[in-house]
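J.: Please find the sequence and the predicted model below.
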Amino acid sequence: MQLLNLQDKQALLALLEKDKKNTLQFYEYLPYLSNEDDRFGFYGRYVNGELVSAVYFSPFNMGFTLVDDCYLSEVNDLLGVLPSMYIYGPKELLEKLDRFPGRRPHPYIYGSLPIEDEMLDQPTNVEKAKKDDIPAIREFYDGKDIMIEVPELIESIVEKGNIFIVKDEDEIVSAALSHSETDEYALIGGVYTEEGYEGNGYAYECVSALTQHLHDQDITPYLFYEARLEHLGYFYSKFSFEFECDYLMLYD
């Protein structure tokens with residue numbers, strides 16, 4: 001596999017288009033396709049002029065896509081040497097990979113919050129984050145293992161209007177955001193409420209406002225959550241969560 005760059009962008013987009021719903025995290029890192037920041041990047045394999053497999057990597061996340069399982073061994077070899085903390089992908093594919101020493105599998109549930117005719121509950125405490133909120137948002141997410149690389153992306157996400165927050169005076173106490181957006185889908189992440197503020201429905205209101213915002217643009221939100229956390233399954237069922245497939249995260 002070879003390191004991809006800007007001249008490969010159209011070929012990469014064509015490959016991602018074949019399974020867009022399951023390759024959303026690739027879109028988050030497309031701005032780094034230029035290779036100007038060596039912490040992020042993409043590798044790919046061409047066959048007869050067609051890009052048939054690709055891997056993205058960052059300090060924390062790593063994922064892959066391919067047109068056929070016959071290219072899985074090459075992907076497997078590359079994933080074994082890249083330094084990312086997490087390998088992310090559909091369970092049925094990750095289980096075909098060789099086990100990586102020191103990496104532990106954690107099962108996740110992946111699916112969507114479908115666009116429906118009926119409006120979601122209209123939140124009362126939540127507001128769309130503004131540019132002035134960026135320092136407080138960075139502080140809110142700092143050190144939280146939920147949206148690891150959000151400090152680098154927060155400004156552009158705010159500019160798109162894709163972060164909804166609840167404040168206690170000037171302090172952000174709950175938030176939800178979306179990223180990795182295409183013209184049809186977006187990935188919801190960073191759903192969190194500060195300790196001491198749980199039980200007030202703030203997370204529900206943030207996700208509700210964010211989901212309605214995306215639905216108004218005909219964008220279907222996708223998300224994944226840890227399978228063992230049954231309360232999250234109940235939480236997202238309130239939004240008519242539709243199961244797509246089982247995912248795995250291989251943690252370093």
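T.: Received the coordinates, thanks.
J.: what stretches of the stretch 1-150 of the chain score poorly on pLDDT?
T.: Scanning the stretch 1-150 of the chain for pLDDT under 70 picks out the ranges 99, 101, 117, 119-120, 145-150.
J.: in this structure, which spans are helices?
T.: Ranges of helices within the chain are 9-17, 24-28, 72-79, 91-94, 134-141, 150-159, 202-216, 230-237, based on DSSP state H.
J.: can you redo the ones you listed as TSV with distance to residue 53 and mean neighbour count?
T.: Backbone N, C-alpha and C define where each C-beta goes, glycine included. Shown next, in TSV, are those (distance: least, Cβ to Cβ, whole Å; neighbours: other Cβ atoms under 10 Å):
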stretch	distance to residue 53	mean neighbour count
helix 9-17	8	16
helix 24-28	12	21
helix 72-79	6	17
helix 91-94	11	17
helix 134-141	32	17
helix 150-159	25	17
helix 202-216	30	21
helix 230-237	31	13
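J.: possible to save the ones you listed as TSV with distance to residue 39?
T.: TSV is the format used below for those (distance: least, Cβ to Cβ, whole Å):
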stretch	distance to residue 39
helix 9-17	19
helix 24-28	14
helix 72-79	16
helix 91-94	23
helix 134-141	18
helix 150-159	9
helix 202-216	28
helix 230-237	30
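J.: quick one: residue 96 from residue 66, how far?
T.: From residue 96 over to residue 66 the distance is 11 Å, taken as Cβ to Cβ, to the nearest Å.
J.: That should have said residue 15, apologies.
T.: Here the distance between residue 15 and residue 66 works out to 8 Å (Cβ to Cβ).
J.: Any idea which of the helices of the chain gets closest to residue 121?
T.: Smallest distance to residue 121 across these (Cβ to Cβ): 5.4 Å, for helix 202-216.
J.: Which residues does that closest one contact?
T.: For helix 202-216, the external contacting residues (Cβ atoms under 8 Å, 6 or more residues apart in numbering) are 113, 115-116, 119-126, 128, 161-166, 173-178, 186, 188, 191-193, 220-221, 235, 238-239.
J.: before we move on, back to that, which of the helices of the chain sits closest to residue 56?
T.: When the helices of the chain are ranked by proximity to residue 56, the top entry is helix 24-28, at 5.3 Å, counting by Cβ to Cβ.
J.: Which neighbouring elements make contact with the closest one?
T.: With contacts defined as 3 or more Cβ pairs under 8 Å, 6 or more residues apart in numbering; DSSP states H and E, the secondary structure elements packing on helix 24-28 are helix 9-17, strand 50-57, strand 61-66, strand 185-193.
J.: Quick one: these as JSON lines, columns for distance to residue 153 too.
T.: Putting the helices and strands packed on helix 24-28 into JSON lines (distance: least, Cβ to Cβ, whole Å) gives the following:
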{"stretch": "helix 9-17", "distance to residue 153": "18"}
{"stretch": "strand 50-57", "distance to residue 153": "14"}
{"stretch": "strand 61-66", "distance to residue 153": "12"}
{"stretch": "strand 185-193", "distance to residue 153": "10"}
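J.: I appreciate the help and will end here.
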